[in-house]
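Student: what follows is a predicted structure for the sequence shown.
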Amino acid sequence: MYKIIDGKLVSQSVKDSVKAEVEVLKEKGVEVTLAVIIVGDDPASRVYVNNKKKACEYVGFRSLEYALPAQTSQEELMALVDELNAREDVNGILCQLPLPKHLDEKAVIEAISPKKDVDAFHAVNVGQIMIGDYDFLPCTPAGVMEMLSYYDIDVTGKNCVVIGRSNIVGKPMAMLLLHKNGTVTITHSRTVDLKNVTNKADILVAAIGKAKFVGEDMVKDGAVVIDVGMNRDENGKLCGDVDFDAVAPKCSYITPVPGGVGPMTIAVLMKNTLKACKLQKNL
Ligand code: GUN
């Protein structure tokens with residue numbers, strides 16, 4: 001019988017520990033502030049940003065939202081980032097991606113001060129993660145690691161297979177599993193005989209963005225399956241990259257969608273923002 005890895009439960013515990021620290025900081029007169037930039041009116045981005053603001057409220061952060069129109073110029077966006085970098089009362093800066101097509105995402109990511117880069121997207125932070133000596137961890141992969149740790153799932157020596165090689169999830173996910181002594185394989189759209197690789201995974205992480213891509217024939221008996229996907233199925237219903245109903249009976253542990261990795265991303269964002277504040281104030 002498989003066990004569900006409950007992202008709501010684990011994220012609640014992460015947020016509650018942040019909230020407890022925020023209360024102590026407040027008594028010392030320290031306020032933690034996250035600035036969130038959203039450009040345009042992508043409905044999915046709007047939902048994510050609203051959820052991030054709700055989480056800020058829950059843990060006791062001040063959140064500032066900068067909702068810019070879709071036609072905002074690169075110069076205007078860069079000027080806002082510069083202003084937020086300079087403000088001592090802003091501890092974390094997050095620019096919700098994707099940006100409208102005419103804007104240069106890479107330039108924006110590199111313009112955010114690495115000390116306020118609570119997404120851990122800046123090259124300095126990515127490099128530090130690679131070395132294993134970091135201040136911030138990327139939110140989604142770190143959220144997955146929190147889940148594994150909460151359920152006492154040991155990574156050491158395990159065959160870990162990541163499907164997907166994005167900068168946001170696949171690549172840093174592989175690095176964090178490696179830090180925990182996993183034997184890690186990254187697979188992608190050009191991988192030959194993908195099934196043959198995924199079938200050897202003790203821990204399988206799906207981060208490809210294709211609804212129900214991982215079927216029962218791709219999973220080993222007793223595997224731990226982590227689904228990072230957030231897609232809509234043919235009926236418009238939210239679903240992951242894993243065909244849950246088909247795959248779950250083969251697993252020891254599996255994350256659902258929704259209620260799995262999703263809430264973890266935001267919980268780690270709260271953790272990073274608190275850390276940014278403490279580092280900036282030498283606390
Ligand atoms: N778009 C999708 N995921 C993320 C994320 O983790 N951070 C930001 N800033 N944008 C995203």
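Tutor: Received it, and whenever you're ready, just let me know what you need.
Student: can I assume V81 is in contact with A111?
Tutor: Yes: using Cβ atoms under 8 Å, V81 is in contact with A111, at 4.6 Å. In this view, the C-beta of every residue, glycine as well, is placed from N, C-alpha and C.
Student: let me know whether the worst-scoring helix or strand of the chain on mean pLDDT sits next to the ligand.
Tutor: Using mean pLDDT, DSSP states H and E, strand 231-232 stands out as the lowest-scoring helix or strand of the chain, at a mean of 94. No: judged by Cβ under 6 Å from any ligand atom, strand 231-232 and the ligand are separated, with a smallest distance of 13.2 Å.
Student: ok, the helix or strand following that strand: who's next to it in the sheet?
Tutor: Of the helices and strands lying after strand 231-232 in sequence (DSSP states H and E), the nearest is strand 238-239. Paired strands of strand 238-239, with direction, are strand 231-232 (antiparallel) (DSSP bridges).
Student: starting at the chain centroid, how far to the strand it pairs with?
Tutor: 17 Å (Cα atoms, centre = their mean, to the nearest Å).
Student: which residues sit against it?
Tutor: G209, K210, A211, K212, L238, C239, G240, D241 (Cβ atoms under 8 Å, 6 or more residues apart in numbering).
Student: tell me the pLDDT of the closest residue to the second one other than its chain neighbours.
Tutor: Just to be clear, that refers to K210. If the residues on either side of it in the chain are set aside, K210 comes closest to D241, at 5.9 Å by Cβ to Cβ, 6 or more residues apart in numbering. D241 is assigned 98 on the pLDDT scale.
Student: isn't D241 right up against L204?
Tutor: No: applying Cβ under 8 Å as the test, D241 and L204 come out as separate, 10.3 Å apart.
Student: shared neighbours of those two, which are they?
Tutor: Counting by Cβ under 8 Å, 6+ apart, the residues touching both D241 and L204 are I163, V214.
Student: compare those two (neighbour count), which wins?
Tutor: L204 (28 against 24; other Cβ atoms under 10 Å).
Student: who's in contact with the residue of the chain found nearest the ligand?
Tutor: Among all residues of the chain, L97 sits closest to the ligand, at 3.7 Å; criterion: Cβ to the nearest ligand atom. Applying Cβ under 8 Å, 6+ apart, one finds that L97 lies in contact with S45, E105, I168.
Student: which residues touch K281?
Tutor: K281 neighbours (Cβ under 8 Å, 6+ apart): V30.
Student: phi, psi of it?
Tutor: The phi/psi pair for K281 (degrees, to the nearest 10) reads phi -100, psi 10.
Student: against G92, how distant is it?
Tutor: The gap separating K281 from G92 is 13 Å, by Cβ to Cβ, to the nearest Å.
Student: can you list the low-confidence ranges for the stretch 1-150 of the chain?
Tutor: When residues are selected by pLDDT under 70, none of them lie in the stretch 1-150 of the chain.
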